[in-house]
Structures are given as structure tokens and as C-alpha cells.
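Trainee: model the following, please.
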Amino acid sequence: MSPSTIAVVGAGLSGAVIGRLLAEAGHSVEVFDTRDHVAGNCHTERDPQTGVMVHVYGPHIFHTDDTEVWAYVNRFQTFMPYKNRVKTTAGGQVYSLPINLHTINQFFGKTLRPDEARAFIEELGDRSITEPKSFEEQALRFLGRDLYEAFFKGYTEKQWGCSPSALPASILKRLPVRFNYDDDYFFHRYQGMPENGYTDMVTRILDHPGIRVHLSTRFERATAREFAHTFYSGPLDGYFDYAHGRLGYRTLDFERFTYQGDYQGCAVMNYGDSAVPYTRITEHKHFSPWEEHDASVCYREFSRACGPDDIPYYPIRLMEDQAQLSLYLKAAHEEKQVTFVGRLGTYRYLDMDVTIREALDTARRFLSSPTG
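Mentor: Predicted coordinates:
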């Protein structure tokens, strides 16, 4: 390969954005992906029977405060307005998430005003917990046992496959409690869905004469020597042939079914009760509210430990995994002609906007270096 030829491993958001910037700067870019489609886990396709745009690997909702990232995705796709309003079924009733004033009043049978609700929830919290270290302690301290057990305990056990007492407190910090009636799941300035799906958007990003895409193609570590540089967004441990063991992930199984009509009246319905085996049901036509469809495509979503042949979704990153992770991060740092990017390459949970931001920044750093 010529010195100006760059390898990009993975045709998801990280690989597509990096590849596009490098190609626009004059580099030849070869993109490799083991799957038979681009866009990674945000791959979308129309169901031929119902016409519904399906999020094949589970729903992806775009939300950001990053103006440049918002402008970037809109360059390749028209984003339609979309607000994520999540419902949850717990104890035989339906509530709104995140926990808000309506949720609190409904759950406790009260008519509290914002200041009253704030004081009420503070009284429910376990004040003996001064420095919460786990998810469970964080919830008990700031929500109290009743709300924790109704909305978080069972769901978290199903999602992560372990007790909430084994998870870091930082996970719960991402779930706000609102003392008003705002039921928008996200609080970002820009929110939306690509009109023709994420796969169409990523295909457009990769549509450049300097980019060649190789689908259904595995990239071997030794192949990196044939390129001036490699940007790797595959599994970090997989690149090193699992020399220090496999990093922990959760994977998802989907039980797909169709329904004639409107199945649940919302895009996402969580199930907080431990007795319900799935974590949620997603109804995909509601992710495109500007379209009309008589029939519906739904997914029951089950979470479990990720096996060697499964698709990794969520890095677990428990405390006991840190020593193993540090060995892989050290090995990655020592790879001089390889840059590890994205959710799998850095072993971090990343929202789509953060993935794109990091990809833009990574490509620009490379182009500004003496060898870029």
C-alpha cells in the first residue's frame, strides 16, 4: 500500500466520520467491516411487510448540545424533530420516566407542588448514606427505597445481570429527577431522528471518491503493517487476540413481533418488575412520528452476558475489571501506527454525538501531525 493509504476498521459512526475527513484531506481510505452493512449498531432498514423504519440493533435517538456535531449530521441527512418520552410499567401501573413531578404525585397518590415534592423526596432518602459508592446506595440516598425498588432495582438487575450494589454510583447520576412535569427523557438542545435512517446517513458520509468500503471482511492485526496508519474501532481486546482475557460486555437479544395497529402507544415502554423477563418493549414506528403505518414492528429486549460470538453492546467496567483493562490500554498505547477509537476500541459507553465529536477531533489531530 502507498504511504498515503489509511485503514479504517469499522464502518460505524467513528470509522465513517474519520474516513470522510481523511479522504477530504487527500488520503486514500480503505474501510473494513465484518458485517454486510454500514452504520454498525445504529443500522436501520425498512421492514418490507409494514414499511416501518426499524432500528435493527435497538433504538438510537440522536441528542446533543454540540452545535458542530448537529450541523455535521444534518449535512448528510435531514433530522426530523423527535422527543424521547419513555414510559415504564411497574406494579401494574404506567408511569413517566425520568422520575418527574407527575411520577412522584401518581406513585404516592399526592398533589405536591415542586418545592413540596423536593422536600418530600429528601425526607425519603437514607441520610445515613453520606458518600454513596454504589448504584444502590446512590438511589437509596437520593430517592428512598420505594422509588428505587419500583423503578430501578429490577430493571437494573435485568439490564446488568448483577446486583445494583455492585455497580458504580455514577450510572445513576445519568438519570435525573425532575421536580416539574417535563417528561422529555433528554435535556439536550438538539434532538431528532434522521428522516431516512442512520444507514442512509452513514452511507452518504462514506460516499467519497477517496473511500473504498469492504463489507463482510475481517481485518487482521497483521494487515495494519500494509497501511500508513490504522484507525481501529473494533473490540479493544479482540485486536490483541484476547491476550489478557475477554473484557466484560452485556449483549441484547430481541424478540421481534408485528402488530396490526398501535401496540403500546409509545416508542419505549420499560418494565421495572423483576418478574418480567425483558427490560423493555420498543415500537419502532413511533421513532418516525412523521410517517403513518397501519401495522407495527416491536422488539422485546432481553439483556444478558456477552459470549464470544455475540454482539457486544454495553461495556460493564466493574471495579474488578480495571486491572485487566489497564493491560489492554497499555498495549494500545504502545501501538505506534494504530489509533483506537469508538465505543469498542476505547471500551467506553459513548452516545452517538460524543462518538462523532471524538472522531472529528481524532481525525483533525492526525491531519495536523507531521505524518498526517
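
Trainee: ranges for the helices of the stretch 101-250 of the chain?
Mentor: Assigned helices in the stretch 101-250 of the chain, in chain order: 101-108, 114-124, 135-142, 145-148, 154-160, 198-206, 236-239 (criterion: DSSP state H, counting those that start in this stretch).

Trainee: distance between the second one and the chain's centre?
Mentor: Translated: helix 114-124. With C-alpha atoms, centre = their mean, to the nearest Å as the basis, helix 114-124 stands 32 Å off its chain's centre.

Trainee: that helix - what's its average pLDDT?
Mentor: Helix 114-124 comes out with an average pLDDT of 96.

Trainee: buried ones in that helix?
Mentor: Applying a neighbour-count criterion of 16 or more other C-beta atoms under 10 Å, one finds Ala117, Phe120, Ile121, Leu124 buried in helix 114-124. Heads up, the C-betas are built off the backbone N, CA and C, glycines and all.

Trainee: tell me what the helix or strand where Ala323 lies is packed against?
Mentor: If you go by DSSP states H and E, Ala323 is part of helix 322-333. Applying 3 or more C-beta pairs under 8 Å, 6 or more residues apart in numbering; DSSP states H and E, one finds that helix 322-333 contacts helix 236-239.

Trainee: turn the helices of the stretch 101-250 of the chain into TSV, including distance to Pro277.
Mentor: Compiled in TSV, the helices of the stretch 101-250 of the chain are given as follows (distance: least, C-beta to C-beta, whole Å):
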stretch	distance to Pro277
helix 101-108	24
helix 114-124	29
helix 135-142	21
helix 145-148	21
helix 154-160	7
helix 198-206	28
helix 236-239	29
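
Trainee: and Thr130, what pLDDT?
Mentor: pLDDT, read off for Thr130, is 88.

Trainee: and stretch 331-351, end to end?
Mentor: End-to-end distance for stretch 331-351, by C-alpha to C-alpha, to the nearest Å: 25 Å.

Trainee: pLDDT on it, on average?
Mentor: Averaging pLDDT along stretch 331-351 yields 95.

Trainee: sheet-wise, list the partners of the following helix or strand past the helix holding Ala323 with their directions.
Mentor: Once helix 322-333 ends, the next helix or strand along the chain (criterion: DSSP H and E) is strand 338-340. Strand 338-340 pairs in its sheet with strand 229-232 (parallel), by DSSP bridges.

Trainee: what's the spacing between Val213 and Ile205?
Mentor: 11 Å (C-beta to C-beta, to the nearest Å).

Trainee: tell me the angle the helix or strand that contains Glu30 makes with helix 198-206.
Mentor: Secondary structure assigned from DSSP H and E places Glu30 in strand 28-32. Angle of strand 28-32 versus helix 198-206, following axes from the mean of the first three to the mean of the last three C-alpha atoms, to 10 degrees, is 150 degrees.
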